[in-house]
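Asker: heads up, no residue letters with this:
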C-alpha cells in the first residue's frame, strides 16, 4: 500500500469513510465490521468517523463505537491505524444536521469520543463544520486546547474555506495537519482549498469522493471518461476516480465511504493505479 503523510505520520493513500455504516440505510453491524476488517487486511491505515455518524438521537457516536469494536476484534496489529473523528455536528434524530461549535461543547464532545474509541488520545480530531453562531477563532481555540492537553494527537478542520484554513493554522501555531472537504467529479468547488493545502503541506481529505452513498455506484454512467478509461484499464470507474484525485497533489488522501468489503477492497486498489497525462486530462474535463 502506498502511503501519504498526515502530520508526522504515514497513512495509506486511501482511507475508509465510516458514515455509510451508521446512518440511514445502514447494514447490520456484522457486515460493517467485516468491511473494516477487509480494509485493514488490504493495508488501509486511515479510518474516518465522527460522533454525528449515527441515525437515532439516542445513539450518538454509533460509528465511533463500531470502529472501536472492529479494530479490537480484528486480530491483527492495528497500532499503526490512524482513526480520525470529528466534533461540532449533531443529529437530533429527525434526519437533520445541526451545529454546535462552542468551545465548551467541543471539549465535552472530545471527551465522549475518547471514551467511545477507548483511547487515551484521539489520533486526529477535526472540527466538523463552522458554526455561524460561534466565532471561528473560539471553536479552533478549543481544538488548540485539546491538542495542548494531549487529548488529541493531531488537529484538523472540515468544511472550511481558504481563509478559515489559514486562520486555523495560525491559531494552532502551525499545527493544522488536515482539511476534510467535499470533493468529487460532481463537486469541484473545493479546488482552491485543495491547492492551498498543497502549498501549505496540509493533508486534504476529500469526503464523498465518489459522489456520495446514493450516486457512487453510478459514477461511470454519469461521467463517461471515467467509464471509458476503466474499461480500457480493466478496473472500475471508482478506481479511476480515486486515482485521478491522488494525482492532483501529494497531499490528497481520499476517504471513500463504504459498508461492503468488496467496495473498499476495490477502492484501495486505486493507490496502485497510475493514470497517463492524457487520461488525467480527460478526467479533469469530465
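Answerer: Done, it's in. Since the structure is predicted, the reported quantities are computational estimates derived from the model, not experimental observations.
Asker: max-length helix in this structure?
Answerer: helix 103-117 (DSSP state H).
Asker: And that one, what's buried?
Answerer: 103, 105, 106, 107, 109, 110, 113, 114, 116, 117 (16 or more other Cβ atoms under 10 Å). Heads up, the C-betas are built off the backbone N, CA and C, glycines and all.
Asker: Throw those into CSV and include pLDDT, thanks.
Answerer: Compiled in CSV, those are given as follows (pLDDT from 0 to 100):
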residue, pLDDT
103, 98
105, 98
106, 98
107, 98
109, 98
110, 98
113, 98
114, 98
116, 98
117, 98
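Asker: What is the nearest of those residues to residue 73?
Answerer: residue 117 (14.3 Å; Cβ to Cβ).
Asker: Which residue comes closest to the closest one once chain neighbours are left out?
Answerer: Using Cβ to Cβ, 6 or more residues apart in numbering and skipping the chain neighbours, the partner closest in space to residue 117 is residue 68 (5.1 Å).
Asker: The one you found looks like it's in a helix, true?
Answerer: Yes. Counting by DSSP: H, G, I helix; E, B strand; the rest coil, residue 68 is located in a helix.
Asker: Run a quick check on it versus residue 122, I expect a contact.
Answerer: No. Applying Cβ atoms under 8 Å, one finds residue 68 not in contact with residue 122, separated by 11.4 Å.
Asker: more neighbours, these two?
Answerer: Between residue 68 and residue 122, counted using other Cβ atoms under 10 Å, the more crowded position is residue 122 (24 against 18).
Asker: quick one, phi/psi of the residue lying closest to the more buried one once chain neighbours are set aside?
Answerer: Leaving aside its sequence neighbours, residue 122 sits nearest to residue 152 (Cβ to Cβ, 6+ apart; 4.6 Å). The phi/psi pair for residue 152 (degrees, to the nearest 10) reads phi -130, psi 150.
Asker: From residue 176, how far out is residue 152?
Answerer: 12 Å (Cβ to Cβ, to the nearest Å).
Asker: hmm, back to that, name the residues that touch the longest helix of the chain?
Answerer: Contact with helix 103-117 is made by 51, 60-61, 64-65, 67-68, 83, 85, 87-88, 100, 120-122, 125, 127, 138-139, 141-143, 145-146, 151-152, as judged by Cβ atoms under 8 Å, 6 or more residues apart in numbering.
Asker: Kindly recompute the last result at 6 Å.
Answerer: Helix 103-117 is contacted by residues 51, 61, 64, 65, 68, 85, 87, 138, 142, 146, 151 when judged by Cβ atoms under 6 Å, 6 or more residues apart in numbering.
Asker: neighbour-wise, which of residue 152 and residue 176 wins?
Answerer: A direct count of neighbours by other Cβ under 10 Å for residue 152 and residue 176 places residue 176 higher, at 29 against 24.
Asker: How about the contacts made by that one?
Answerer: Residues counted as contacts of residue 176 (Cβ under 6 Å, 6+ apart) are 168, 169, 202.
Asker: Then residue 216?
Answerer: Counted by Cβ under 6 Å, 6+ apart, residue 216 has contacts residue 210.
Asker: let's see it at 8 Å
Answerer: Residue 216 touches 210, 238, 256, 257, 263, counting by Cβ under 8 Å, 6+ apart.
Asker: Could you check how many residues crowd around the third one?
Answerer: For residue 256, the tally of surrounding residues (other Cβ under 10 Å) stands at 28.
Asker: doesn't residue 264 make contact with it?
Answerer: Yes. Counting by Cβ under 8 Å, residue 264 is a contact partner of residue 256 at 7.5 Å.
Asker: Can you check which residues contact both of the two?
Answerer: Residues touching both residue 256 and residue 264 (Cβ under 8 Å, 6+ apart): residue 16.
Asker: if we can go back for a sec, flag every buried residue along the next helix or strand after the longest helix of the chain.
Answerer: For helix 103-117, the following helix or strand on the C-terminal side (DSSP states H and E) is strand 122-127. Of all the residues in strand 122-127, those buried under the rule 16+ other Cβ under 10 Å are 122, 123, 124, 125, 126, 127.
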